[in-house]
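Asks: got a predicted structure here, sequence first:
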Amino acid sequence: MDGFEGTIDGLVNFVKSWADAYIESDTVQRFVEALHLVMGRIGIPSTIHPTADQVVLSSNITILTLLFYYHFIGRSHQHRRRQLAEDLKKAAMRVMELEEKLLVSAAEANEKEDGKSVRIFMDGAFDMMHYGHMNAFRQGRSLGTELIVGVNSDDSITRCKGSPVMNDQERLTAVEGCKFVDEVVPGCPYVMTSDYLDYVIKKYDIDYVVHGDDPCIVDGKDVYESAKARGKYQSIPRTEGVSTTDIVGRMLLMTKDHHKTSGFDNDDSQLISTEKKSAKGEILGTYSKFLTTSRMLRLFSVGVEAPQPGQKVIYMDGSWDMFHAGHISILKKAKERGDYLIAGVHSDAIVNTHQGSNMPIMNLHERVLSVLGCKFVDDVLIDAPYTITPEMIASLKIDQVIRGAATPTDEKLRYEHAMNANIYHKIPSPCDFSLNDIFERIQASQKRFEKKIEKKKKQEQEYYDNLYGMKNGEKKE
């Protein structure tokens, strides 16, 4: 208590001596004159205008109050905020651990009593596959132990709704590259008849057919009626906030609304596996960074672990925008060079700086989930540094830095340290498909896609209206 009183007495004496000298200063006199002038103009009587002593006294009281608050209350609040932030991070880590255990337990519980696997079947076009499709696969697989995915043929899609952007092989490669998919059935019809469904169930030993919770009606009949009647049907909720229609719209409208101010500096780049093991990480602990996708990030991260001692670590960075067959092919090739593949994903700001326009089409959150869903990727470096440093190579224990055949103009600047360490390698891509191919195909059929977007948006709005009991954006009574 004596220390507290001594601090207060010291502050009072200091302020008093300072005030005595300051009252007579030109600065205070000019300020008081200006204050009197303003008060007079707004009709305040001169009899109640403050004197120089009163002005300085009021200022001193204000300063003392602020100092007192900061010293005795503000610091306490800061400490409490820091403690709450730490508690929140620890809770997030605990939630992640429990979710992992729950998913593992669910997978074990899904096995049949005789120990045989439970086989799930899903089908679709999966055109311009995105993390929404991958999340559907994740949900479907969580209902059993093996996921078999049927991919609609080009011909059947074209007959029903026009040609897809991606061809058969490109869509097959995208689905096969997803870590949640165990087997792929090519050439499935777009219209899934009851007869074909019965054929699939028998041929592939399917236990359950899974589809989204939106109705699938053909010629007035529920496509999955026979599966439901046999007790072999289950539904999953669609992934909200992303659709092929939305992505095509971004490309045609050239918008940047989807870009995120990530808040990640290069020093804050974080591996998924590191984040899972440390309560000090910021990815899951900061609302502004992964507000809408933090839970999905955790679900996609199940099974992600740091490399084991002695494993050869490969690193490959990029924007990975509109994650497609070309990306999957080069990542597969990169993984073949080692045991453990880390994919670095650049921030929206970095991608836009170097590619311009409204790039990237998919924001950082969406691109991270897409890359994390690839079966050839072991870990993801979120908001990866554009320039690879010696510290980064040492920290991640990188044995090789891989780059595709397309050489950036600033290659020497970005990869100088990897080159000097003799760990930089360029490899040809097995697939020459690129983001430019997608742009060209979309632009070649722009009018058709614009009509399709308008129709699809109406259907999606009706879906959400029915799901949430909304009508024209308002709650139904």
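Replies: On my side now, so go ahead. Keep in mind that what you see is a predicted model, and the values were worked out from it rather than measured. Numbering: from 1, shown residues only.

Asks: you'd agree residue 451 is in a strand?
Replies: No - the assignment for residue 451, made by DSSP: H, G, I helix; E, B strand; the rest coil, is helix rather than a strand.

Asks: please identify the helix or strand for the residue nearest the centre of the chain.
Replies: With distances taken as Cα atoms, centre = their mean, the residue of the chain nearest its centroid is residue 365 (1.9 Å). Element membership for residue 365, per DSSP states H and E: helix 364-372.

Asks: ok, the residue nearest to the centre of the chain to residue 210 distance?
Replies: 25 Å (Cβ to Cβ, to the nearest Å). Every C-beta, even on glycine, is put in place using the N, C-alpha and C of the backbone.

Asks: after the helix or strand residue 394 falls within, next one along is what?
Replies: Take DSSP H and E as the rule and residue 394 turns out to sit in helix 390-396. Following helix 390-396 in sequence order, the next helix or strand is strand 400-403 (DSSP H and E).

Asks: nearest spatial neighbour of residue 36, chain-adjacent residues omitted?
Replies: residue 49 (4.9 Å; Cβ to Cβ, 6 or more residues apart in numbering).

Asks: next up, the contacts around the one you found.
Replies: Residue 49 is in contact with 35, 36, 39, 40, counting by Cβ atoms under 8 Å, 6 or more residues apart in numbering.

Asks: hmm, residue 34 and the last one touching each other?
Replies: So that's residue 40. No - using Cβ atoms under 8 Å, residue 40 makes no contact with residue 34, being 10.8 Å away.

Asks: shaky segments in the stretch 101-250 of the chain?
Replies: Applying pLDDT under 70 to the stretch 101-250 of the chain flags residues 101-115, 215, 218-219.

Asks: now do the helices in it.
Replies: Applying DSSP state H, counting those that start in this stretch to the stretch 101-250 of the chain gives helices spanning 131-142, 154-161, 168-176, 194-203, 225-229, 244-253.

Asks: got the domain ranges for this structure?
Replies: Taking automatic domain parsing as the domain assignment, the ranges for the chain are 2-83, 112-240, 256-436, 445-475.

Asks: quick check: mean pLDDT of the last one?
Replies: Confidence over domain 445-475, taken as the mean pLDDT, stands at 66.

Asks: got the contact list for the residue nearest to residue 198 when sequence neighbours are not counted?
Replies: Spatially, and ignoring its direct neighbours in sequence, residue 198 is nearest to residue 226 (6.4 Å; Cβ to Cβ, 6+ apart). Contact analysis of residue 226 by Cβ under 8 Å, 6+ apart lists 194, 197, 198.

Asks: pLDDT score for residue 77?
Replies: 71.

Asks: which helix or strand contains it?
Replies: helix 75-109.

Asks: can you say which of the contacts of residue 226 are buried?
Replies: By neighbour count, with 16 or more other Cβ atoms under 10 Å, the contacts of residue 226 hold 194, 197 as buried.

Asks: quick check, nearest of the contacts of residue 226 to residue 86?
Replies: Closest approach between these and residue 86, by Cβ to Cβ: residue 197, at 52.3 Å.

Asks: please report the distance of that closest one from residue 338.
Replies: 42 Å.

Asks: what do you get for residue 45?
Replies: As judged by Cβ to Cβ, residue 45 and residue 338 stand 84 Å apart.

Asks: so which bits of stretch 344-355 are buried?
Replies: For stretch 344-355, a neighbour-count test (16+ other Cβ under 10 Å) marks 344, 345, 346, 347, 348, 349, 350, 351, 352 as buried.

Asks: how about the first one, secondary structure?
Replies: Using three-state DSSP, the three-state assignment for residue 344 comes out as strand.

Asks: bridged to it, which residues?
Replies: Residue 344 has these beta-bridge partners by DSSP bridges: residue 317, residue 381.

Asks: got a list of what it touches?
Replies: Residue 344 touches 269, 315, 316, 317, 318, 380, 381, 384, 385, counting by Cβ under 8 Å, 6+ apart.

Asks: the third one - nearest residue in space that isn't next to it in sequence?
Replies: The reference is to residue 316. residue 402 (4.4 Å).

Asks: and what of residue 170?
Replies: Per Cβ to Cβ, 6+ apart, closest to residue 170 is residue 325, 4.4 Å.

Asks: verify the stated contact: the one you found with residue 168.
Replies: No - checked against Cβ under 8 Å, the pair residue 325 and residue 168 is beyond contact range at 10.9 Å.
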